[in-house]
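Enquirer: Give the three-dimensional model of this entry:
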Amino acid sequence: MKLYALSDLHVGFEANRRALDSLAQHEDDWLVLAGDLGETLEHVETVLRATVSRFARVLFVPGNHELWTLPDERPALRGVAKYDALVALCREHGVLTPEDPYPVWPGDGPRCVIAPLFLLYDYSFRPDSVPAEHAIEWAEESGVMCADEALLHPDPFPTRQAWCAARCEMTEARLSALDPSLRTVLVNHFPLRYELAHLPAIPRFALWCGTRLTEDWHTRFRAVAVISGHLHIRSTRHRNGVRFEEVSVGYPRQWEPERGLESMLREILPGPPPRM
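Expert: As a prediction, the model looks like this:
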């Protein structure tokens, strides 16, 4: 029995959507989908149908793309309403979300819970010398602007920062209440640490990549591994003895869709032994 992870499937692209067919049957295994499956509820449902029929259990956290409200989208769900619709869709298919109890991993490896998180970002992934009120202007100076600024609405929160703060406060309380004898696998679309939001080609895009509120969560909450996506730069890194896995697939130009998604599955548990 294994826990696998994927993110950033972006099945709005036909090549990525076709690649779903290459997934093998994993009747005893679990799969984490770490966000950015697509831009619409239909995209998300396409991935859910393909994965719940192949894996014993599927878990999902949203990325920024699932939260977009597209100009021609009907119904035009915004902010929390869009998130709630994603949660409802997942429940129709038996897929666990950040709104469900964290399941205990029943397979080999450390005794731990798998914790899907939905935390967003708050523009704090920026140098200390850049004031918060000038952060977006600072990013735009380098030619960088995230589509979220037009498409990801925080309703009914006044700002994305406020939504992020509320999600972090609620999630921190849940994680703090866990049995301290349990380890965790933390799953969030965005990196939990600023230093890991490293994008060499567009470094100031880090502004839309997470929040400093979670910098120490990997140690505070006894993580065995931390799963994220968003960057479209697959990597395995270690901090404080914790394994950080970026599990993005990405746009068709960023990988080889003809290889199929089976080749992109990242094993999280049991996984390699901890590195100290």
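
Enquirer: After the longest helix seen in the chain, which helix or strand is next? Please name it.
Expert: With DSSP state H setting the assignment, residue counts place helix 160-176 as the longest helix in the chain. Next helix or strand after helix 160-176 toward the C-terminus (DSSP states H and E): strand 183-187.

Enquirer: Give me the contacts around the helix or strand just after that following strand.
Expert: With elements assigned by DSSP H and E, the helix or strand that comes after strand 183-187 is helix 217-220. Helix 217-220 has contacts (C-beta atoms under 8 Å, 6 or more residues apart in numbering) with 172, 175, 186, 192-193, 223, 226, 239-240, 242, 244. (C-beta placed from N, C-alpha, C; glycine too.)

Enquirer: need the strands for the stretch 51-200 of the chain, in chain order.
Expert: Using DSSP state E, counting those that start in this stretch, the strands of the stretch 51-200 of the chain run over 55-60, 112-116, 183-187.

Enquirer: Turn those into TSV, including mean neighbour count.
Expert: Formatted as TSV, the strands of the stretch 51-200 of the chain follow (neighbours: other C-beta atoms under 10 Å):
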stretch	mean neighbour count
strand 55-60	22
strand 112-116	23
strand 183-187	25
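
Enquirer: most surrounded residue in the contacts of helix 217-220?
Expert: With neighbours taken as other C-beta atoms under 10 Å, the top of the contacts of helix 217-220 is residue 226, carrying 28 neighbours.

Enquirer: what helix or strand does it sit in?
Expert: strand 223-228.

Enquirer: Tabulate the CA atom coordinates of the next helix-or-strand element following that strand in PDB.
Expert: On the C-terminal side of strand 223-228, the nearest following helix or strand under DSSP H and E is strand 235-239. Output in PDB follows, covering the C-alpha atoms of strand 235-239 (Å, rounded to 0.1, in the frame of the first residue of the first chain):
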ATOM      1  CA  SER A 235      11.600  18.700  -6.700                       C
ATOM      2  CA  THR A 236      12.400  16.900  -3.500                       C
ATOM      3  CA  ARG A 237      14.000  18.900  -0.800                       C
ATOM      4  CA  HIS A 238      14.700  18.400   2.900                       C
ATOM      5  CA  ARG A 239      14.500  20.900   5.800                       C
END
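
Enquirer: so what does strand 235-239 touch, helix or strand wise?
Expert: Using 3 or more C-beta pairs under 8 Å, 6 or more residues apart in numbering; DSSP states H and E, the elements in contact with strand 235-239 are strand 242-246.
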